[in-house]
Each structure stands twice: as C-alpha cells, then as structure tokens.
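Q: Sharing a model that was predicted from the sequence below.
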Amino acid sequence: MNAMTRRPRALIVYESMFGNTEHVAAAVESGLQQAGFDTDLVEISSAPAVLDTDLDLLVVGGPTHAFSLSRAQTRAEAVRQGAPAERAEHGLRDWLASVHPDDGGGPALAAFDTRVTKVRWLPKAAGPTAVRLAHKHGLAALGKPVGFLVDDVQGPLLEGELDRATAWGRQLGAVCQQKV
C-alpha cells in the first residue's frame, strides 16, 4: 500500500488504576476506528519509547491524581485504595518524559484524563499536564485536553461518558485527517 492510499494510524496510550481510564481509552479507539483509523491501544507499561514515523495521531490518557498526572506516591496510594499493584509500576508522566518521535518530528497529539465528579472543574488536571510534557518533545496538541467523569475514586464512569469518548474519538479522527 503506498502513502497515497494508506489509512491514518493512531496510537492510544493510557494509564489506568481502577479501569475507568482504560474504558475511556477503548471508547476513543472505537471512535477513531469509525473515523477510518488503524489503531493500537496500549497500556502504559507496554508503550514504545520511540514513536513510529508513520504514526499520524498519539492519544494519551491518565487519571488525575492530586491535580496532575500520577506520581509513584499517588499510584501507591491508589493501590492502598484497592487498585492492582502491577498498575502502579509505570506512569504516563514518566513515559512522556522519555518518549520521542523517531524522526524528530512527531504525530499530532490529543490528551484526556479521568477525574472524580466532586472536583470536575479542576484548576489543573492530568490532561493539560500531559500536553505540556509532550510539547517539550515536539508534539503539538490538536486541541484542548478532555476530561471524563467518574463517580468516585474507583468509579464507575458517569452514564454517557463512554458515548462521549467514542464521539470525541470520531471528532479527533476527522480533525487529524484534515491536517494531514
């Protein structure tokens, strides 16, 4: 298949302590597929350190911990609250600090976070932090990060949030294809 007929490609990388962010990431992936993208959905511990040159869109998502991306100590606290211990080993913050595009350029970027409804209007959150860190590596955001709401720390997601995530994925796909 030549470059003229190649389907656009997206990588969705997520960090999820209780599974809510993972569900949102899967819904975003579904929306991107509906928009004509080939997709790879990857949990943070399996995310590549170098981004492929044929990648058109990188979507990153993580839970909001202490008004930002998680850190080792906030992931440890999530484990104390019932999250699986293996999910605390790697964080999106650390991956974004080390990832780099293969050719020095990079794909378009989109970011999302999950946050509890009690503090839905955060002065700072995981999504904006992810965009700032990715920008340091030459990745430009397609738009503002999106927050998805969970009922409490462990969830569940509020009704309608997965539909909203799928719609956002379709929208990202359309915007990204216009820029390519």
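A: Done, it's in. Numbering: from 1, shown residues only.
Q: hmm, who's touching the host helix or strand of Leu11?
A: Using DSSP states H and E, Leu11 sits in strand 9-14. With contacts defined as C-beta atoms under 8 Å, 6 or more residues apart in numbering, strand 9-14 is touched by 21-22, 24-25, 28-29, 32, 37-44, 47-48, 51-52, 54-62, 92, 95, 107, 172-173, 176. Backbone N, C-alpha and C define where each C-beta goes, glycine included.
Q: could you redo the last one with a cut-off of 7 Å?
A: 21-22, 25, 28-29, 32, 37-44, 47, 54-62, 95 (C-beta atoms under 7 Å, 6 or more residues apart in numbering).
Q: Report the buried members of these.
A: 21-22, 25, 28-29, 32, 37, 39-41, 43-44, 47, 55-62, 95 (16 or more other C-beta atoms under 10 Å).
Q: quick revisit: any buried residues in the strand holding Leu11, and which?
A: Arg9, Ala10, Leu11, Ile12, Val13, Tyr14.
Q: what would these look like in TSV with distance to His137 and pLDDT?
A: Formatted as TSV, the buried residues of strand 9-14 follow (distance: C-beta to C-beta, whole Å; pLDDT from 0 to 100):
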residue	distance to His137	pLDDT
Arg9	19	97
Ala10	18	98
Leu11	14	98
Ile12	17	98
Val13	13	98
Tyr14	18	98
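Q: ok, of those residues, which one's closest to Leu133?
A: Val13 (12.5 Å; C-beta to C-beta).
Q: ok, for the closest one, nearest residue in space, not its chain neighbours?
A: Of all residues not flanking Val13 in the chain, Ala47 sits nearest, at 4.6 Å (C-beta to C-beta, 6 or more residues apart in numbering).
Q: Could you list every helix and strand that the longest strand along the chain packs against?
A: Taking DSSP state E as the assignment, the strand of the chain that covers the most residues is strand 108-116. Contacts defined by 3 or more C-beta pairs under 7 Å, 6 or more residues apart in numbering; DSSP states H and E place strand 108-116 against helix 20-34, strand 57-63, helix 126-135, strand 146-150, helix 161-179.
Q: Just say which of those is most tucked in.
A: Comparing the helices and strands packed on strand 108-116 by mean neighbour count (mean count of other C-beta atoms under 10 Å), strand 57-63 ranks first with a mean of 27.
Q: and the angle for the longest strand of the chain with strand 146-150?
A: 30 degrees (axes from the mean of the first three to the mean of the last three C-alpha atoms, to 10 degrees).
Q: quick one: contacts of strand 108-116?
A: In contact with strand 108-116 (C-beta under 7 Å, 6+ apart) are residues 20-21, 24, 28, 56-64, 122, 125-127, 130-131, 134, 139-142, 145-150, 152-153, 172, 176, 179.
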